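S.K.: Just need the structure, nothing else, for what follows:
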Amino acid sequence: MNQDGIFEIDYTFKTDMKTAFEMWTNPNSFSSWLGPDEAEMTFLTANVVENGTSLWTMTTPDGLTKFGQINFKIIKPNDLLVYTQNFCDKNGKFIKAPFSATYPDTLLATVKFSEKENATNVNVRWEILGNATEQEKQTFTGMKEIMKGGWTASFKKLDNLIKQDK
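M.R.: Numbers count the residues shown, from 1 in each chain. Sure thing, here's the model as predicted:
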């Protein structure tokens, strides 16, 4: 797949890999930092094991409530998380993204954790999974700056949580 179907971002946290990894795999921690500023996220179900599925809900400052699923494929403690993600209704039934009828149906997320000078670098890679139309690929590509802003805001919230725990 060409780079149009891929979004990638890195961030370095001043913490050990174990702590960084736990902030991604503990549902209470994860929901406290993921999403835009002033968004409220909670997990309705959380099954953070390989082949497990978690169902979340998020209400953003614009008043939009979204539901989504995370389907864990690979969990290598402190090193790697691989999961698929998609939007769904409150019962877990697949739906198109509530913000765009032309957003891809499913993304494959690969999150790598690596040690970097007494810190942990986290690399997040989203790629379109499965067959996507040309319009869905274009929508994804066109949203990369929004994704970058969203992830940067989330990472700053996570960074602040890590600093508070020290």
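S.K.: make it CA atoms for all contacts and neighbour counts henceforth
M.R.: OK.
S.K.: got any ranges where this structure has weak pLDDT?
M.R.: Applying pLDDT under 70 to the chain picks out residues 1-3, 166.
S.K.: tell me which residues of the lengthiest helix in it are tucked away?
M.R.: When secondary structure is assigned using DSSP state H, the longest helix within the chain turns out to be helix 144-165. Using 16 or more other C-alpha atoms under 10 Å as the burial criterion, the residues of helix 144-165 that qualify are 147, 151-159, 162.
S.K.: Please enumerate the helices of this protein.
M.R.: Chain-ordered helices for the chain, with DSSP H as the definition, fall at 17-25, 27-33, 134-142, 144-165.
S.K.: now these in JSON lines, with distance to Ile128?
M.R.: Below are these laid out as JSON lines (distance: least, C-alpha to C-alpha, whole Å):
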{"stretch": "helix 17-25", "distance to Ile128": "21"}
{"stretch": "helix 27-33", "distance to Ile128": "22"}
{"stretch": "helix 134-142", "distance to Ile128": "8"}
{"stretch": "helix 144-165", "distance to Ile128": "13"}
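S.K.: on that earlier part again, with distance to Thr12 added, can I get the buried residues of helix 144-165 in JSON lines?
M.R.: As requested, the buried residues of helix 144-165 are arranged in JSON lines below (distance: C-alpha to C-alpha, whole Å):
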{"residue": "Met147", "distance to Thr12": "18"}
{"residue": "Trp151", "distance to Thr12": "13"}
{"residue": "Thr152", "distance to Thr12": "11"}
{"residue": "Ala153", "distance to Thr12": "14"}
{"residue": "Ser154", "distance to Thr12": "13"}
{"residue": "Phe155", "distance to Thr12": "9"}
{"residue": "Lys156", "distance to Thr12": "10"}
{"residue": "Lys157", "distance to Thr12": "13"}
{"residue": "Leu158", "distance to Thr12": "11"}
{"residue": "Asp159", "distance to Thr12": "9"}
{"residue": "Ile162", "distance to Thr12": "12"}
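S.K.: and these, which two are the farthest apart?
M.R.: Pairwise distances among the buried residues of helix 144-165 were taken by C-alpha to C-alpha; the largest, 22.2 Å, belongs to Met147 and Ile162.
S.K.: what's the closest of the helices of the chain to Ser114?
M.R.: Distances from Ser114 to each of those were compared by C-alpha to C-alpha, and the smallest falls on helix 17-25, at 6.9 Å.
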